[in-house]
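Asker: I would like to see how this sequence folds:
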Amino acid sequence: MPTISGRRAFLQLLVDEGLTHLFGNPGTTELPIMEVVPDFPQLKFVLGLHESVVLGMADGFARASGRLAAANVHVAPGLGNAMGALYNAKFSNSPLIVTAGQQEQGHGLLEPLLYDPLVPLAQPLVKWAIEVTRVEDLPRIIHRAAKVALTPPTGPVFISLPGDVLDAQAELDLGRPVRVDARVRPSDDTLDRLATTLLAARRPAILAGQELATRDAFGEAAELAELLGAAVFGSPIPYSTQFPTEHPAFLGSLTRNQKQVRATLAPYDLLVCLGADLLRMSVYSPVEPLPAGLPVVHVSERGWELGKNYRTDLAIQADVKETLRALLPLVRARRTKEAAAQASGRLVELKARNWSAQRGKAAVDAMMDAETTPIDPRYLMLRISEHLPKDAVVVEEALTSSTSLPGFLRLADRQSFYGLASGGLGFALPGAVGVSLALPGRPVTAVVGDGSAMYGIQALWTAAHLKLPVTYVIANNRSYRILKERLVSMRSTDKFVGMDIRDPAIDFAGLAQSMGVPARRVTDPNNVVPALREAAARGGPGLVEVMVADGFGA
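Answerer: Alright, predicted model coming up:
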């Protein structure tokens, strides 16, 4: 076996695991790694100017590619800076190997500058966390980490890398990667029960979730909807493409208002949850979103989600694509002519209120405010949806300004949309960088609110540095509008403190230009489309700051 240093073994093991990008913000404890990075040209180092941006870029790359990504941060403060983005990656189930350089073993006992134990800090947000104590253990740890991160339910792992381990030399067998085939399907008995349950329903509804996209199961889910004549709803938190929007059975995404969701689902006699969180909500309500007595079937590879909050009559932990592939022949074979006719009739009934019908009405309403200034957010979202470049990918984190966007955005490609999974701000700006790197050749449009943008603004520098085809659209309402709306609706007061971003005003176009991104501010609604076209035509990064209404007349 060859003698090799820990630092060189670390990078070689990442390459052996198929990693192509290492996102990082280096510090002194990472210098051993940076010393040998030039010797591994097959592993592209992507510099982020803040650790939250580093994790956000890696998160976007993993989500868009479906592959393992690596992010390296700097000791305790760096890991602390990255925790919000790591929280996002946990909820998006992104397969990440997150590492941090650590002080040399023994030296940490002296509590030197920047030291703190790293494993306890990372542990709550990752699938597995460990500190390497011997260079001889490095191959086993890296291979185990990759295996754990990529085994469904996928997610981030963390490794602490002490400096003495990185500098140590040893004869190492680097081993080889292990992948767990988790594409399991239900038992025959369960499939039989599932088919019987589905065909007995007279008004079935499907709740479509992110696993349909990650497992490339849109075709199978669409066929099931057609066989059953089922209405299809997207999850209340649509952080990926969940279902082809223009499918005749798709009625759009459910809201995060428990009372509204309960009323929407009340007419149905079966809810089939496919690869989705079962009615994950946001703020508290005494009303449960699941109607009393509505039977629930839930298929997900994430066992923790099954029966977690609400009654579930048939809970199946399995790969959603493999389940549907095994189920569809049973449904086809058992469906009677009468059931087929009823299913066709239900699909006809859905046509008048499906997503396409809703979009047409919403577009007319949005155009009524085509001349309004400050610009109406609905008008902006309509124009964005109509003028996306071909094969574009949308990354969204504009909160109140983008509430209308899902109703306008035509989605058929499982990799065409990425949103905020956890509710924690800061994903979109760096996430768009990672998405662009994962899907080279595809233009990316990131729609971001002004408040959200300030949680990851440093990502603009990386987009400029790498000359990525990302168009950032900042919807600037000069406030935390979502907080104002909730203060009024939930607390019955409009005395806003700490919710305006006006004194001084933030110049996002100027910020972008200072980081090398060409930018333009738009105040006239007639200039929205020209600005979007101009930014998309650059072939590199661009930013359009759009001054939108704040909703409170200010």
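
Asker: use CA for all of it now, contacts and neighbours both
Answerer: Fine.

Asker: next SSE after the least confident helix or strand in the chain by mean pLDDT?
Answerer: None of the helices or strands of the chain scores lower by mean pLDDT, DSSP states H and E than helix 481-491, at a mean of 92. Moving toward the C-terminus from helix 481-491, the first helix or strand encountered (DSSP states H and E) is helix 508-514.

Asker: What is that next one packed up against?
Answerer: Using 3 or more CA pairs under 8 Å, 6 or more residues apart in numbering; DSSP states H and E, the elements in contact with helix 508-514 are strand 519-522, strand 542-547.

Asker: And those strands: which comes nearest residue 352?
Answerer: Evaluated over the helices and strands packed on helix 508-514, closeness to residue 352 peaks at strand 542-547, with 33.8 Å, by CA to CA.

Asker: Who does that closest one pair with, and is each partner parallel or antiparallel?
Answerer: Strands that pair with strand 542-547, judged by DSSP bridges, come out as strand 470-476 (parallel), strand 519-522 (parallel).

Asker: from these, which stretch is densest packed?
Answerer: strand 470-476 (a mean of 29; mean count of other CA atoms under 10 Å).

Asker: which other residues reach it?
Answerer: 377, 398, 401, 429, 432-433, 436, 443-450, 453, 463, 508, 535-536, 540-548 (CA atoms under 8 Å, 6 or more residues apart in numbering).

Asker: One more pass at 6 Å, please.
Answerer: Contact with strand 470-476 is made by 444-450, 541-548, as judged by CA atoms under 6 Å, 6 or more residues apart in numbering.

Asker: Narrow the residues you listed to those that are buried.
Answerer: 444-450, 541-548 (16 or more other CA atoms under 10 Å).

Asker: ok, so of those, who is nearest residue 234?
Answerer: residue 447 (19.9 Å).

Asker: Now the closest one: phi and psi?
Answerer: phi -100, psi 110 (degrees, to the nearest 10).

Asker: How about the contacts made by it?
Answerer: Contacts of residue 447 (CA under 6 Å, 6+ apart): 396, 473.

Asker: Can you tell me who it pairs with across the strands?
Answerer: With DSSP bridges as the rule, residue 447 is bridged to residue 396, residue 473.

Asker: pLDDT score for it?
Answerer: Here the pLDDT value assigned to residue 447 is 98.

Asker: measure it to residue 394 for me?
Answerer: Distance, residue 447 to residue 394, using CA to CA, to the nearest Å: 7 Å.

Asker: hmm, who's touching whatever helix or strand residue 64 lives in?
Answerer: Assigned by DSSP H and E, residue 64 falls within helix 51-65. Contacts to helix 51-65, defined as CA under 6 Å, 6+ apart, come from residues 23-24, 48, 68-69, 78, 81-82, 85, 89, 94, 427, 430-431, 433-435, 438, 456.

Asker: Just the C-alphas of it, formatted as CSV.
Answerer: Written as CSV, here are the backbone C-alpha positions of helix 51-65 (Å, rounded to 0.1, in the frame of the first residue of the first chain):
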residue,chain,number,x,y,z
GLU,A,51,-19.9,29.9,5.0
SER,A,52,-23.7,30.2,4.6
VAL,A,53,-23.2,30.9,0.9
VAL,A,54,-20.8,27.9,0.6
LEU,A,55,-23.4,25.6,2.1
GLY,A,56,-26.2,27.1,0.0
MET,A,57,-24.2,26.6,-3.2
ALA,A,58,-23.5,23.0,-2.3
ASP,A,59,-27.2,22.5,-1.4
GLY,A,60,-28.3,23.9,-4.8
PHE,A,61,-25.8,21.7,-6.6
ALA,A,62,-26.9,18.5,-4.8
ARG,A,63,-30.6,19.2,-5.3
ALA,A,64,-30.3,19.9,-9.1
SER,A,65,-27.8,17.1,-9.9
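
Asker: State the mean pLDDT of that helix.
Answerer: 98.

Asker: what's the answer for stretch 352-364, then?
Answerer: Throughout stretch 352-364, pLDDT has a mean value of 97.

Asker: hmm, back to that, quick one: which of the contacts of helix 51-65 sit in helices?
Answerer: Using DSSP state H, the subset of these located in helices is 78, 81, 82, 85, 89, 430, 431, 433, 434, 435, 438.

Asker: can you list the weak-confidence ranges in the stretch 101-250 of the chain?
Answerer: For the stretch 101-250 of the chain, not a single residue meets the criterion pLDDT under 70.

Asker: ranges for the strands of it?
Answerer: Under the criterion DSSP state E, counting those that start in this stretch, the stretch 101-250 of the chain contains strands at 129-131, 157-162, 169-171, 204-208, 231-234, 250-253.

Asker: The second one pairs with which strands?
Answerer: Translated: strand 157-162. strand 96-102 (parallel), strand 129-131 (parallel).

Asker: Of the ones in helices among the contacts of helix 51-65, just say which sits nearest to residue 296.
Answerer: Checking these one by one against residue 296 (CA to CA), the nearest turns out to be residue 89, at 28.0 Å.

Asker: which residues sit in contact with residue 145?
Answerer: Contacts of residue 145 (CA under 6 Å, 6+ apart): none.

Asker: any chance you could map the strands in the stretch 351-500 of the chain?
Answerer: Going by DSSP E, counting those that start in this stretch, the stretch 351-500 of the chain shows strands at 393-397, 417-418, 444-449, 470-476.

Asker: tell me which strands and helices the first one is in contact with?
Answerer: If I follow you right, that is strand 393-397. strand 417-418, strand 444-449 (3 or more CA pairs under 6 Å, 6 or more residues apart in numbering; DSSP states H and E).

Asker: Do you know the pLDDT at residue 349?
Answerer: pLDDT, read off for residue 349, is 96.
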